[in-house]
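*Asks:* Starting from these lines, generate the structure:
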Amino acid sequence: MSGHAPEPSSVNDDDLLPTETAGYKVGQAKTLEEYATLDAEDESLARWKASLGIGAGGASAAPSAGPSVQVLSLSLHSPSRPTPIELDLTQADKLKSLKKEPVTIKEGAEYSVEIKFRVNNLVSGLKYIQAAKRAGMTVDKLESMIGSYGPSPEPVTKRFVTEEAPSGMLARSGSYTVRSRVIDDDKNVYVDFEWTFKLAKEW
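*Replies:* Numbers count the residues shown, from 1 in each chain. From the prediction side, this is the model:
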């Protein structure tokens with residue numbers, strides 16, 4: 001998805017602007033090899049590199065061609081629902097259909113958004129941002145730091161804070177449009193898509 005402009009959206013780009021990371025300067029990306037040899041005597045940096053799978057001898061996994069991050073799915077988890085609702089983000093045609101096929105969420109239910117992604121190259125300051133609109137008004141925004149990662153063959157899952165679905169007759173009339181984006185500190189966008197949901201008395 002990186003480098004591809006999304007289709008026109010009812011949720012403005014301004015609603016998905018990330019909060020700047022204090023002290024971070026865009027454009028200072030380094031290769032895995034540079035990070036592996038950077039300040040070898042710095043203990044805190046060594047711990048950070050180890051958490052990314054980067055050692056003095058190089059990275060534990062070789063970088064891959066293509067985008068640094070491939071977002072695989074977004075799912076909704078709720079203690080009041082036996083199985084999660086999962087949206088496949090790997091196919092362009094399915095991404096387009098998400099706007100037309102609303103997900104049903106139980107009114108007043110607690111739920112959490114979870115994303116699954118694969119890291120192909122070193123990525124710094126990965127964030128998830130979503131904004132929800134109803135009748136042209138922004139009703140909710142979520143911005144959550146995912147973190148920094150080195151390449152790994154195993155997918156990573158990240159679940160965000162629990163939210164509560166709106167309730168009441170007024171909330172149930174109409175649908176909600178959500179725009180979700182995964183972006184890093186260098187402003188690389190790895191997925192940017194819209195999905196919709198409607199509220200009901202039951203899942």
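*Asks:* Now for residue 11, how many residues are close by?
*Replies:* Neighbours of residue 11 under the rule other C-beta atoms under 10 Å: 20. Glycine gets a C-beta too; all of them are placed from N, C-alpha and C.
*Asks:* For it, which residues are in contact?
*Replies:* By C-beta atoms under 8 Å, 6 or more residues apart in numbering, the residues touching residue 11 are 131-133, 138, 177-179, 194.
*Asks:* at 7 Å instead, please
*Replies:* Contacts for residue 11 (C-beta atoms under 7 Å, 6 or more residues apart in numbering) come out as 131, 133, 177, 179, 194.
*Asks:* Of those residues, which belong to strands?
*Replies:* 131, 133, 177, 179, 194 (DSSP state E).
*Asks:* and the third one, bridged to which residues?
*Replies:* When bridges are taken as DSSP bridges, the partners of residue 177 come out as residue 133, residue 196.
*Asks:* what's the distance between it and residue 149?
*Replies:* According to C-beta to C-beta, to the nearest Å, residue 177 and residue 149 sit 30 Å apart.
*Asks:* And the last one, by the same measure?
*Replies:* Using C-beta to C-beta, we find residue 194 at a distance of 26 Å from residue 149.
*Asks:* neighbour-wise, which of these two wins?
*Replies:* Using other C-beta under 10 Å as the criterion, residue 194 and residue 149 rank with residue 149 on top: 22 against 19.
*Asks:* Number of residues surrounding the closest residue to the more buried one other than its chain neighbours?
*Replies:* Residue nearest to residue 149 in three dimensions, not counting chain neighbours: residue 119, with 4.4 Å by C-beta to C-beta, 6 or more residues apart in numbering. By other C-beta under 10 Å, 25 other residues sit near residue 119.
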